[in-house]
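A.B. asks: heads up, no residue letters with this:
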């Protein structure tokens, strides 16, 4: 959710009703205030409608395009968000937030459309926007993190590590940055560094099950099967239907010769995800 960067002239949610019931002929600023109030109330459809009315009266209002872009983003209308944020940037080309948000929209548009044929171009566009945001505001952690994520998807693991490290240096409190840097280290088979990052993520957020699962895989890759089993067991305890955790734990049990426990986990994994029966070979019977 991106509301922390939303820009508005403060209007309470209570005033939303007052504005809606007022005279039909409202000025452009009134519509923009209505859009702000609707956004604050998470009524993104109404926010978009009111920003659109306000922009008819003030077509060069960069903030209105920016806020309508965020409303479209929150509705997962990434193409519309990109269009609005691009217009905001056209009017105000030194807005680091707008470049960052457009970069996020490019990145998430790939996931929404599963446009793998155009993935590289979209990732490059996202990286370009994150880079521009960094050039404008060098102490802005979010675009470093966003750019790192795009590099991670592209397989540029060294650059991903550099960018996640910079994001952490600027703002060290986000567990996802440690977790994702751990993924990059893991891809480079630097399992000790990966484990250290996953552990830090868990220290910040003890309920971060993905970090436990990822640390389990790093322990497994390192040959520390008992520690891997401990992490997978935690994940299963918290998320009983996570089929991949049963599969991973089964493989770890196989490695230490506990075939009966491995079989039970394989069976449970297949029960939860039947496709595992045909595509995943068992390490032990």
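C.D. replies: Received it, and whenever you're ready, just let me know what you need. Just so you know, these numbers come straight off a predicted model, no measurement behind them.
A.B. asks: I figured residue 165 hits residue 184, correct?
C.D. replies: No - under the criterion of CB atoms under 8 Å, residue 165 makes no contact with residue 184, lying 9.9 Å away. All C-beta spots, glycine's among them, are computed from the backbone N, C-alpha and C.
A.B. asks: all helices for the stretch 51-200 of the chain, in order.
C.D. replies: 62-74, 78-91, 96-113, 119-136, 141-154, 157-170, 175-187, 191-204 (DSSP state H, counting those that start in this stretch).
A.B. asks: same for the first one, what does it pack against?
C.D. replies: Judged by 3 or more CB pairs under 8 Å, 6 or more residues apart in numbering; DSSP states H and E, the packing partners of helix 62-74 are helix 28-40, helix 44-57, helix 78-91, helix 96-113.
A.B. asks: now render these as a markdown table, adding mean pLDDT.
C.D. replies: Below are these laid out as a markdown table (pLDDT from 0 to 100):
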| stretch | mean pLDDT |
| --- | --- |
| helix 28-40 | 88 |
| helix 44-57 | 92 |
| helix 78-91 | 94 |
| helix 96-113 | 84 |
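A.B. asks: could you redo those helices as a markdown table and give each row mean neighbour count?
C.D. replies: Formatted as a markdown table, the helices and strands packed on helix 62-74 follow (neighbours: other CB atoms under 10 Å):
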| stretch | mean neighbour count |
| --- | --- |
| helix 28-40 | 22 |
| helix 44-57 | 20 |
| helix 78-91 | 21 |
| helix 96-113 | 23 |
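A.B. asks: among those helices, which comes closest to residue 266?
C.D. replies: Of all the helices and strands packed on helix 62-74, helix 96-113 sits nearest to residue 266, with 30.2 Å by CB to CB.
A.B. asks: where does pLDDT dip in the chain?
C.D. replies: Residue ranges of the chain with pLDDT under 70: 1-26, 111-117, 285.
A.B. asks: follow-up on the earlier one: wait, which of the helices and strands packed on helix 62-74 is closest to residue 236?
C.D. replies: Closest of those to residue 236 is helix 96-113, at 26.5 Å (criterion: CB to CB).
A.B. asks: that closest one to helix 119-136, inter-axis angle?
C.D. replies: Taking axes from the mean of the first three to the mean of the last three CA atoms, to 10 degrees, one finds that helix 96-113 is oriented at 160 degrees with respect to helix 119-136.
A.B. asks: pull the distance from helix 96-113 to the chain's centre.
C.D. replies: Here helix 96-113 is found 10 Å from its chain centre; the criterion is CA atoms, centre = their mean, to the nearest Å.
A.B. asks: now do stretch 154-173
C.D. replies: Centre-to-centre, stretch 154-173 and its host chain are 14 Å apart (CA atoms, centre = their mean).
A.B. asks: and for stretch 64-71?
C.D. replies: How far stretch 64-71 lies from its chain's middle: 19 Å, per CA atoms, centre = their mean.
A.B. asks: what do you get for stretch 259-268?
C.D. replies: The answer for stretch 259-268 is 34 Å, by CA atoms, centre = their mean.
A.B. asks: identify each buried residue in it, please.
C.D. replies: Residues 259, 261, 262, 263, 265, 266, 268 are the ones in stretch 259-268 that count as buried (16 or more other CB atoms under 10 Å).
A.B. asks: kindly report the same for stretch 213-233.
C.D. replies: Of the residues in stretch 213-233, those buried (16+ other CB under 10 Å) are 213-220, 222, 224-225, 227-232.
A.B. asks: what do you get for stretch 161-177?
C.D. replies: The neighbour-count check on stretch 161-177 (16+ other CB under 10 Å) flags 161, 162, 163, 164, 166, 167, 168, 174, 175, 176, 177 as buried.
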